[in-house]
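> Structural data only, the sequence is not supplied:
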């Protein structure tokens, strides 16, 4: 019965299964690049978001210019400029950074992805910091907290929690953007799919397999962030429910 079912599927399932170990390696490369860039970009974005939210006279214009450049240009262009562009300068080729880092496609992709996601996360956190409820800040001031103490104990934890729903979109966008790694010789999920199609002169098998793997990863990310929201945003949900119950109008009596 299974053999009869496979005859109606217009895909070479046996060929996909035979090369599925390559797809698993592509999953590892994709997840490695995506989550390392998110981790490094997140660490970079915290001080930059603080500088943007506090409107520092020196750092605010610099950070704003940085985020404008990396949010205003495509990730593909940024990756190409780092991978193909920096090698055009002899000073860089002769520096200590060339051989271990800038000559490697993996490192160039990681640098480009990190700088890109750091720009988006900076603006995301800046908005979350700026939207911190005034009552929380005033209560911290009234209890004698210094500015650094307010940031560490009140403002940043509150901003991180409220940024969770928006940051889940950034994680998914970064995962989708990681397909650019396949254009600079890296064998990520899409790179393996392109290899399979080119090796066996196929049209769909590689791309459909890659699409299904991306779908499963996004599904896991979505479930994880829903768990984070239920855990860390529970107090906001309760407050919104209470506010709706208080402000909701009385039910209109039915006509007899």
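Received it, and whenever you're ready, just let me know what you need. Computed from a predicted structure; not experimentally measured. Numbering: from 1, shown residues only.
> what about the stretch 1-150 of the chain, any weak spots by pLDDT?
For the stretch 1-150 of the chain, the stretches with pLDDT under 70 are 1-10.
> Would you map the helices across the stretch 1-150 of the chain?
With helices called from DSSP state H, counting those that start in this stretch, the stretch 1-150 of the chain shows them at 2-7, 13-18, 20-54, 59-72, 75-80, 90-93, 105-130, 134-142, 147-150.
> How about residues contacting the last one?
Residues external to helix 147-150 that are found in contact with it (CB atoms under 8 Å, 6 or more residues apart in numbering): 137, 140, 141. C-betas here are computed from N, CA, C, even on glycine.
> Now flag whichever of those residues is closest to residue 84.
Closest approach to residue 84 among those (CB to CB): residue 137, at 46.9 Å.
> What strand or helix carries the spatially most central residue of the chain?
For the chain, residue 171 is the residue whose C-alpha lies nearest the centre (CA atoms, centre = their mean; 2.5 Å). Using DSSP states H and E, residue 171 maps to helix 164-177.
> I'd like to know which elements that helix is packed against.
Secondary-structure packing of helix 164-177 (3 or more CB pairs under 8 Å, 6 or more residues apart in numbering; DSSP states H and E): helix 20-54, helix 105-130, helix 205-232.
> For the nearest residue to residue 54 once chain neighbours are set aside, give me its contacts.
Distances taken as CB to CB, 6 or more residues apart in numbering put residue 60 closest to residue 54, at 7.5 Å, once the chain neighbours are dropped. Taking CB under 8 Å, 6+ apart as the contact definition, residue 60 lies against 51, 52, 54.
> before we move on, the earlier item: format the helices and strands packed on helix 164-177 as CSV; extra columns: mean neighbour count.
Output for the helices and strands packed on helix 164-177, formatted as CSV (neighbours: other CB atoms under 10 Å):
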stretch, mean neighbour count
helix 20-54, 18
helix 105-130, 21
helix 205-232, 15
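> would you turn these into JSON lines with distance to residue 93?
Shown next, in JSON lines, are the helices and strands packed on helix 164-177 (distance: least, CB to CB, whole Å):
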{"stretch": "helix 20-54", "distance to residue 93": "24"}
{"stretch": "helix 105-130", "distance to residue 93": "14"}
{"stretch": "helix 205-232", "distance to residue 93": "34"}
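> Of those, give the one that comes closest to residue 90.
Nearest to residue 90, of these and by CB to CB, is helix 105-130 at 17.9 Å.
> Out of the helices of the stretch 1-150 of the chain, which is closest to residue 182?
The closest of these to residue 182 is helix 20-54. By CB to CB, the value is 8.7 Å.
> now for the closest one, which elements pack on it?
Counting contacts by 3+ CB pairs under 8 Å, 6+ apart, helix 20-54 packs against helix 59-72, helix 105-130, helix 164-177, helix 189-200, helix 205-232.
> what helices or strands is the second one leaning on?
When you say that, I think you mean helix 105-130. Judged by 3+ CB pairs under 8 Å, 6+ apart, helix 105-130 is in contact with helix 20-54, helix 59-72, helix 75-80, helix 156-162, helix 164-177.
> which stretch among the helices of the stretch 1-150 of the chain comes nearest residue 183?
Per CB to CB, nearest to residue 183 of these: helix 75-80, 7.2 Å.
> Enumerate the positions of the closest one that are buried.
Within helix 75-80, the residues scored as buried using 16 or more other CB atoms under 10 Å are 75, 78, 79, 80.
> Report the separation between the second one and residue 39.
For residue 78, the distance to residue 39 under the criterion CB to CB, to the nearest Å works out to 19 Å.
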